[in-house]
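Chemist: Sequence and predicted structure are below.
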Amino acid sequence: MAKRRKRRTRRKKYPIRITFSQGIVFLLTAFCLVIGLRLGLNGQAAGGGFTWEDIYDVLGVSARPQGLENLPSDAQAVHFIDVGQADATLLQSGQEYCLVDAGEASSEEALLSYLDAQGITRLKLLVMSHPHADHIGSMQAVLEHVQVEQVLLPDFDKAPYPTTRTFEKVMDTIEEQNIPVVTAESGQEFSIGEATLSVLASGVETDNYNNLSQVLFYSAPGLRVMLTGDGETEVEEDALAHCELPRADVFKAAHHGSSTSNTLSFLQAIRPRYVVVSCGKDNSYGHPHKQALQNFAMVGAQVLRTDENGSVVIAAAEDGLQCYTASGSQQADSAA
Ligand SMILES: [Zn+2]
């Protein structure tokens, strides 16, 4: 009797007793609740079921495309890094790299962890397509994280000079690190490993920074990529009027798949086999736009999207092109 009474007393003194394993279960439940709440708040649960990419999004970690470990060290590839409603495109020729744009500030961890996983400590070239935050938000972090040999900037004579704090910080960091800077001009060429990055056009006179975006053509053995940043119709019309546009295997949908870009005449000129849309899940802009998707379909391009496929890598392969995506789908496509 005395013993029983003693036990009861102890229970009263410690009304909540949690064992070690109960503690672990409690912490895991709390973690899942936080993840669930954040996904719900972001409206990401509406799409039907969670995926690993959702979890990576919440944790701020960019999922690596599946099978990327099979990419040979001398690969010729383009990596569309999933940085949400923003751009970060990595051009690879063997062990030399060029990064075009650096996403939002909020995707710093995702971007830097992707570069780390790729083993990158040095960029041959860092390109700023134009000075909007979804393209330069993590550029200062990149400049501080890896060694950058050279920076290609838009032609700021064509627009009012940017005054945002983000832009100033990027420019200050470039200056502090004494990195050589080149202003984009059509006809320029940059060597990246066995590949060449050509500036076909360097934006138009504008008060819309999107239209400062260069038209860039990356020509590597077995892989040709066209990048036009957020360039709108004016940029595409200018390129059609003044450039001999080559055919591209891969086109990064202009301006995240906006209807103010991706004109049928431009797409018909470059006839891409793949179009990759870099955009955020359930983004408020409605990117990619229905009209843009129709135009991609009309030129017979296969569309991949970072909001659905996660990071996308397209590499030259012996019998054509090989795609790697975080969602796991891989397609081999013979060269046409
Ligand atoms: Zn943008």
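Modeler: Thanks, I have it.

Chemist: Name the residues of this protein found near the ion, please.
Modeler: Counting by CB under 5 Å from the ion, the positions of the chain adjacent to the ion are 134, 230. C-beta coordinates here come from the backbone N, C-alpha and C atoms, glycine included.

Chemist: one more time with 6 Å, if that's ok
Modeler: When proximity is defined as CB under 6 Å from the ion, the chain approaches the ion at 87, 132, 134-135, 230, 256.

Chemist: tell me which element the residue of the stretch 1-150 of the chain found nearest the ion falls in.
Modeler: Relative to the ion, the nearest point of the stretch 1-150 of the chain is residue 134 (4.2 Å; CB to the ion). Take DSSP states H and E as the rule and residue 134 turns out to sit in helix 133-136.

Chemist: end to end, how far does stretch 141-154 reach?
Modeler: With CA to CA, to the nearest Å applied, stretch 141-154 spans 20 Å between its terminal residues.

Chemist: brain fart, stretch 108-128
Modeler: This stretch, stretch 108-128, spans 16 Å end to end (CA to CA).

Chemist: Show me what the mean pLDDT comes to for it.
Modeler: Average pLDDT, stretch 108-128: 97.

Chemist: Give me the neighbour count for the residue of the stretch 1-150 of the chain closest to the ion.
Modeler: 23 (other CB atoms under 10 Å).

Chemist: and it, how far is that from residue 201?
Modeler: 21 Å (CB to CB, to the nearest Å).

Chemist: before we move on, what about residue 107?
Modeler: Distance, residue 107 to residue 201, using CB to CB: 28 Å.

Chemist: what does residue 129 give?
Modeler: 12 Å.

Chemist: what about those two, which has more around it?
Modeler: residue 129 (28 against 25).

Chemist: and that one, what does it touch?
Modeler: Residue 129 makes contact with 87, 100-101, 135, 154, 212-214, 227, 229-230 under the criterion CB atoms under 8 Å, 6 or more residues apart in numbering.

Chemist: Inside helices: which ones of the residues you listed?
Modeler: If you go by DSSP state H, the contacts of residue 129 have residue 135 in helices.

Chemist: Can you turn the buried part of the contacts of residue 129 into a ChimeraX selection?
Modeler: One line in ChimeraX is enough to select the buried members of the contacts of residue 129, burial here meaning 16 or more other CB atoms under 10 Å:
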select :87,100,101,135,154,212,213,214,227,229,230
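
Chemist: out of the contacts of residue 129, which one sits closest to residue 247?
Modeler: Closest approach to residue 247 among the contacts of residue 129 (CB to CB): residue 227, at 14.7 Å.

Chemist: For beta bridges, what are the partners of that closest one?
Modeler: Beta-bridge partners for residue 227, by DSSP bridges, are residue 216.

Chemist: change the start of the numbering to 172 and stick with it
Modeler: Got it, first residue is 172 now, which makes that one residue 398.

Chemist: dump the residue contacts of it.
Modeler: Neighbour list for residue 398: 260, 271, 300, 385-389, 422-423 [criterion: CB under 8 Å, 6+ apart].

Chemist: same thing but 6 Å
Modeler: 271, 387, 423 (CB atoms under 6 Å, 6 or more residues apart in numbering).

Chemist: where are the low-confidence patches of the stretch 172-321 of the chain?
Modeler: For the stretch 172-321 of the chain, residues meeting the criterion pLDDT under 70 lie at 172-189, 191, 194-195, 197, 200-234.

Chemist: count of residues packed around the nearest residue to residue 385 once chain neighbours are set aside?
Modeler: Distance criterion CB to CB, 6 or more residues apart in numbering; nearest residue to residue 385, sequence neighbours excluded, is residue 355 at 4.7 Å. Residue 355 is flanked by 23 other residues according to other CB under 10 Å.
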